[in-house]
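J.: Give me a model of this one.
(one chain, ligands or ions: 2)
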Amino acid sequence: MSYAAGIMSGTSLDGIDVAIVKIDTSAPEDPVYEFAAFESYPFEDETKKRIMTALSIDNSDVALICSLNFELGKLFGNAVVAACKKNNLASEALRFVASHGQTIYHHPQKEGLLEPSTLQIGESSVIAEIVKTDVVSDFRYRDMAVGGQGAPIVPYSEYILYRSNYVQRILQNIGGISNATIIPKEGMLKNVLAFDTGPGNMIIDELCQHFYQKPYDSNGSFAKQGSIHQGLLSEFMSHPFIAKQAPKTTGREEFGKDYVHDLLAKYQMPANDWIKTATLFTAKAIAEGVRPYVDKTGSELIIGGGGSYNSELVKMITAELPEAQVMIQEDIGFSSEAKEAVAMVILGHRTMERLPSNVPSATGAAKEVILGKITYY
Ligand SMILES: Nc1ncnc2c1ncn2[C@@H]1O[C@H](COP(=O)(O)OP(=O)(O)OP(=O)(O)O)[C@@H](O)[C@H]1O
Ligand SMILES: CC(=O)N[C@H]1[C@@H]2OC[C@@H](O2)[C@@H](O)[C@@H]1O[C@H](C)C(=O)O
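T.: Ligands and ions are numbered 1, 2, ... in the order given. Now for the predicted structure:
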């Protein structure tokens, strides 16, 4: 029995999530992962601003990215130490730390001279020195090296935690971007499908920041007061990503600030109508993405990520997908916010054991590979 920590800092840039997980390997072929604790550390405004600048094609610079790699390594390491302390654990007793890293750019298709590539930062050497244990990081690169999109990478852990002999389960994550994992009833890992469905909270957050200087639409309260603008909704739905076939992944490059500000320049309407229409688009993109795969004999769509706390969004998804039973992670006793950080522990454990954890049917990779790199302490 050992403990490990997973660190997630996702595309929404809300902060650093740390999950501590107990790993029971008494049956080594079939390890059991037990959630032990979750802590979240919001980024300082200044740090968030610097990351946003680093992500921007127009304003990014190499000195900033170089420095942020080490700054984030420090913040990630300190977050794990703080989480351990709060939960009365010695951080050096962790068997390993698994860190996702901050995605700076994700470009899965070849475009001109640009190779399919992705970049996550938050230096693992710095984390290892602070936490004083081994660190697994950089999970996406190896999958891309064998022709995969490098995302989504959570399907392996979702298969381990949620597969069912009785019902199809669709795990719908709504972070900055939304992604779905479809696990057939009695399915094998090779039958699992996963892909990004489009924006998660990214457009809603940008609009809340623009109109109200607020980071997000708490519980959908602005959306609840707005009306749908059909012209804007049609324009949203005509985004080429929506009609694309899976496997597909996306990011801030397609649904970030530039996309939202181009639309803001084009349409005039009250703030809450913008937010309501963007919320419906987010729900429809999810429904369009998963609808072709819903098992008519029974399907549970389980929503996780911060979007599960937006009840207006959840209501819209429920209305768009009457063929599935829609619920959130908390309805089945899990935590919506901890889900991805827990997933990192499961992926990290596979790496430590020299075992593969990409799902080629999800990423389009040519074969199964061992994800991640290990920095030994
Ligand atoms: N109470 C709430 N009401 C509405 N929205 C919320 C609430 N709490 C969190 N959110 C939304 O969830 C977002 C954070 O979600 P999460 O932490 O799952 O994203 P992430 O992991 O950074 O992104 P990704 O999964 O795309 O990498 C916030 O930016 C916000 O939009
Ligand atoms: C490149 C990148 O960071 N992608 C994230 C992002 O956030 C959600 C969605 O887009 C998903 O594809 C992925 O994260 C999760 C952890 C994944 O790979 O499964």
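J.: can you pull the buried residues of stretch 183-203?
T.: Neighbour counts using 16 or more other C-beta atoms under 10 Å place 183-184, 187, 189, 192-203 of stretch 183-203 among the buried residues. The way it works is simple: take the backbone N, C-alpha and C, and place the C-beta from them, glycine included.
J.: next one: phi and psi at the residue in the chain that ligand 2 sits nearest to?
T.: Residue nearest to ligand 2 within the chain: Pro152 (3.1 Å; C-beta to the nearest ligand atom). Backbone torsions of Pro152, given as degrees, to the nearest 10, read phi -70, psi 150.
J.: same check, this time on Gly348
T.: Residue torsions, per degrees, to the nearest 10, at Gly348 are phi -60, psi -40.
J.: So in terms of bridging, what pairs with the closest residue to it other than its chain neighbours?
T.: Excluding the flanking residues, the one nearest Gly348 by C-beta to C-beta, 6 or more residues apart in numbering is Ala98, at 2.7 Å. Ala98 has the following beta-bridge partners by DSSP bridges: Gly6, Val136.
J.: what's the residue of the chain closest to ligand 2 in contact with, if anything?
T.: 179, 181, 194-196, 249, 362-363 (C-beta atoms under 8 Å, 6 or more residues apart in numbering).
J.: what's the farthest-apart pair in these?
T.: Across the contacts of Pro152, no pair lies farther apart than Thr181 and Thr249, at 12.8 Å, counting by C-beta to C-beta.
J.: Just name the closest of the contacts of Pro152 to Asp273, please.
T.: Out of the contacts of Pro152, the member with the shortest distance to Asp273 (by C-beta to C-beta) is Asp196, at 26.3 Å.
J.: Now do the helix or strand containing that closest one: which elements does it pack against?
T.: Assessed by DSSP states H and E, Asp196 sits inside strand 193-199. If you count contacts as 3 or more C-beta pairs under 8 Å, 6 or more residues apart in numbering; DSSP states H and E, strand 193-199 packs onto strand 177-183, helix 271-290, helix 360-363.
J.: which residues are contacting the helix or strand just after the second one?
T.: What it means is helix 271-290. Proceeding N to C from helix 271-290, the next assigned helix or strand is strand 299-304, under DSSP H and E. If you take C-beta under 8 Å, 6+ apart as the criterion, strand 299-304 is touched by 162, 167-174, 290, 294, 314, 317, 321, 323-329, 331-332, 334, 336, 339-340.
J.: Can you say which of those are buried?
T.: 162, 168-174, 290, 294, 314, 317, 321, 324, 326, 328-329, 334, 336, 339-340.
J.: From these, pick out the ones that also neighbour ligand 1.
T.: Contacts with ligand 1 within those, as defined by C-beta under 6 Å from any ligand atom: 173, 340.
J.: Just the ones of the buried ones among the contacts of strand 299-304 in helices?
T.: 162, 290, 314, 317, 339-340 (DSSP state H).
J.: ok, Leu64 touching Met52?
T.: No - applying C-beta atoms under 8 Å, one finds Leu64 not in contact with Met52, separated by 10.7 Å.
J.: who's in contact with the residue found closest to Glu330 once you drop the neighbours it is linked to in the chain?
T.: Leaving aside its sequence neighbours, Glu330 sits nearest to Ser336 (C-beta to C-beta, 6+ apart; 6.2 Å). If you count contacts by C-beta under 8 Å, 6+ apart, Ser336 has them with 303-306, 308-309, 328-330.
J.: Go ahead and build a PyMOL selection from the buried members of these.
T.: Selecting only the buried entries of the contacts of Ser336 in PyMOL, with 16+ other C-beta under 10 Å as the criterion:
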select buried, resi 303+304+305+306+308+309+328+329
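J.: Dump the contacts of Ser336 into a markdown table; add distance to Ser227 as well.
T.: Conversion of the contacts of Ser336 to a markdown table gives the following (distance: C-beta to C-beta, whole Å):
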| residue | distance to Ser227 |
| --- | --- |
| Ile303 | 24 |
| Gly304 | 29 |
| Gly305 | 26 |
| Gly306 | 25 |
| Ser308 | 24 |
| Tyr309 | 23 |
| Ile328 | 26 |
| Gln329 | 30 |
| Glu330 | 30 |
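J.: and which of the contacts of Ser336 is nearest ligand 1?
T.: For those, the nearest to ligand 1 is Gly306 (1.8 Å; C-beta to the nearest ligand atom).
J.: List the contacts of stretch 106-121.
T.: In contact with stretch 106-121 (C-beta under 8 Å, 6+ apart) are residues 65, 68-69, 72, 100-105, 137-141, 144, 149-151, 249, 251, 253.
J.: near ligand 2 at all, that stretch?
T.: Yes - using C-beta under 6 Å from any ligand atom, stretch 106-121 reaches ligand 2 at 106, 118.
J.: could you dump that stretch to PDB, C-alpha only?
T.: Written as PDB, here are the backbone C-alpha positions of stretch 106-121 (Å, rounded to 0.1, in the frame of the first residue of the first chain):
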ATOM      1  CA  HIS A 106      -1.600  21.900 -28.600                       C
ATOM      2  CA  HIS A 107      -1.400  21.400 -32.300                       C
ATOM      3  CA  PRO A 108      -2.300  17.800 -33.300                       C
ATOM      4  CA  GLN A 109      -2.400  18.300 -37.100                       C
ATOM      5  CA  LYS A 110       0.400  19.000 -39.500                       C
ATOM      6  CA  GLU A 111       0.000  22.400 -40.900                       C
ATOM      7  CA  GLY A 112       2.600  23.700 -43.400                       C
ATOM      8  CA  LEU A 113       6.000  23.300 -41.700                       C
ATOM      9  CA  LEU A 114       4.400  22.800 -38.300                       C
ATOM     10  CA  GLU A 115       4.700  19.200 -37.100                       C
ATOM     11  CA  PRO A 116       1.800  17.700 -35.000                       C
ATOM     12  CA  SER A 117       3.000  18.700 -31.500                       C
ATOM     13  CA  THR A 118       2.000  19.700 -28.000                       C
ATOM     14  CA  LEU A 119       3.700  21.500 -25.200                       C
ATOM     15  CA  GLN A 120       3.100  21.100 -21.400                       C
ATOM     16  CA  ILE A 121       5.400  22.900 -18.900                       C
END
